[in-house]
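Q: The following comprises the amino acid sequence and a computationally predicted model.
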Amino acid sequence: MSTSSSARKLTDAKVLIFDVYGTLADWETGIYNALQPLLSKYPASQSWTRKEALAAFASAEIDLQSQYPGMLYSDLLAKVHEVLEERLKAQYPTNPGEGGATGATLAGDPAADQEAHKAFGLSIENWPIFPDTCEALQRLSKHFKLVVLSNVDRTSFRHTHSLLAEGPTRSTITSDLSVYTYPEPNPHKYWHPRATPNSKSPFTLILTAQDTGCYKPALGGFLAVLDYIRSQAELFGNLGLNDATEEQVKDKVMSVAQSLVHDHEAASQIGLRSVWIDRQSAVTCNVTPGGPGARDKWSWRSETLGELADAVEKEIAGVGN
């Protein structure tokens with residue numbers, strides 16, 4: 001666990017805002033596996049490395065997220081898959097001559113293509129959880145209120161939610177999926193997962209892109225969380241946040257995320273401290289925007305969530321003080 005010169009104690013914060021995909025769930029493996037049928041279909045992408053494939057995905061995703069901030073994430077994923085196929089298809093001439101492959105011949109059946117796009121959009125339920133995540137969340141939930149702020153839709157998140165609560169694999173889940181599904185009707189503005197009977201969720205509050213109407217790195221989601229903490233202080237326990245100013249709320253909140261692009265940049269812009277979960281398997285989102293000379297935007301760095309939980313417990317125990 002490393003720290004920047006501006007960092008204070010981890011336990012000065014009382015609320016942790018978690019990114020999910022990349023931080024708690026291995027979205028890179030999930031995306032890369034789900035892309036394989038498409039990548040194997042076109043000669044140019046058959047030789048792509050994992051990093052090249054994920055870079056191509058990210059290029060299409062960020063364009064579409066900025067164009068369609070209100071689109072459900074499962075639909076946006078399907079659209080990303082469609083755009084990727086169009087880009088790959090465009091690399092081939094429509095009439096290359098006798099015996100040559102063309103974009104038209106590689107495209108296949110339009111109906112089958114649409115099913116493939118849809119299947120990719122629904123692949124979130126198969127994205128794996130990092131092995132250290134679930135235990136670390138339970139440990140951290142003893143000392144902090146945990147909040148989800150994720151670029152996902154409510155229906156897709158229920159699968160990940162169940163794994164985060166009772167996983168990390170489906171074999172360990174004993175509850176019905178409905179326990180981890182967004183409640184309809186919802187008596188609250190946002191999702192209070194612990195209000196659901198029999199829920200083992202470690203989270204006090206969940207906000208998805210469907211709730212905020214924007215995708216990170218847009219600031220809207222972070223601002224919505226801060227505003228809700230201030231207006232619903234009783235949900236977060238005795239933190240002294242009743243009638244608190246925005247700066248007083250920020251002082252109690254910390255962002256925990258892998259993506260330097262989507263989370264740490266945004267958190268820094270609004271004055272939030274943050275912990276970088278520097279997943280060593282990651283090949284994307286691990287370079288600070290602005291290039292090698294750019295200032296680090298995080299306050300602490302940890303390679304796993306388990307390492308963060310260890311550091312918190314040592315701090316509470318006074319080890320190293």
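A: Yes, it's here.

Q: so F144 touches L16, yeah?
A: Yes. Counting by Cβ atoms under 8 Å, L16 is a contact partner of F144 at 4.8 Å. Every C-beta, even on glycine, is put in place using the N, C-alpha and C of the backbone.

Q: average pLDDT for stretch 198-208?
A: Stretch 198-208 carries an average pLDDT of 98.

Q: and it, how far apart are its ends?
A: 22 Å (Cα to Cα, to the nearest Å).

Q: what about the helix or strand encompassing S268, average pLDDT?
A: Following DSSP states H and E, the helix or strand that holds S268 is helix 265-269. In this model, helix 265-269 has a mean pLDDT of 95.

Q: Neighbouring strands - and their directions - for the helix or strand that it is followed by?
A: Next helix or strand after helix 265-269 toward the C-terminus (DSSP H and E): strand 273-277. Using DSSP bridges, strand 273-277 pairs in its sheet with strand 253-257 (parallel), strand 300-302 (parallel).

Q: is it possible to export these to CSV including mean pLDDT and distance to L72?
A: Below are the strands paired with strand 273-277 laid out as CSV (pLDDT from 0 to 100; distance: least, Cβ to Cβ, whole Å):
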stretch, mean pLDDT, distance to L72
strand 253-257, 98, 22
strand 300-302, 95, 32
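
Q: thinking again about what came up before, please name every helix or strand in contact with the helix holding S268.
A: Packed against helix 265-269 by the contact rule (3 or more Cβ pairs under 8 Å, 6 or more residues apart in numbering; DSSP states H and E) you find strand 273-277.

Q: residues in contact with the strand it packs on?
A: 7-8, 10, 13, 23, 254-258, 260, 263-264, 267-268, 297-305, 308 (Cβ atoms under 8 Å, 6 or more residues apart in numbering).

Q: And F144 and L16? Which one has more around it.
A: Neighbour tally, F144 and L16, criterion other Cβ atoms under 10 Å: the higher count belongs to L16, 25 against 22.

Q: Count the residues that sit near L149.
A: Count around L149 with other Cβ under 10 Å applied: 25.

Q: What residues are recorded as beta-bridge partners of it?
A: With DSSP bridges as the criterion, L149 is bridged to L207.

Q: these two touch, right, it and G220?
A: No. Using Cβ under 8 Å, L149 makes no contact with G220, being 10.2 Å away.

Q: which neighbours do the two share?
A: Overlap of the contact sets of L149 and G220 (by Cβ under 8 Å, 6+ apart) consists of T212.

Q: Following the helix or strand of the chain with the lowest mean pLDDT in sequence, what is the next regular element?
A: Taking mean pLDDT, DSSP states H and E as the measure, the helix or strand of the chain with the lowest value is helix 103-107, at a mean of 52. Using DSSP H and E, the helix or strand that follows helix 103-107 in sequence is helix 110-121.

Q: Run through the residues that contact D132.
A: Counted by Cβ under 8 Å, 6+ apart, D132 has contacts 304-306.

Q: Of those - the most surrounded one?
A: L305 (26 neighbours).

Q: what's that residue sitting at in phi/psi?
A: Backbone torsions of L305, given as degrees, to the nearest 10, read phi -70, psi -30.

Q: Show me where the chain has its helices.
A: Ranges of helices in the chain, per DSSP state H, are 27-39, 43-46, 50-67, 73-89, 103-107, 110-121, 133-140, 154-166, 209-212, 220-231, 246-250, 265-269, 305-317.
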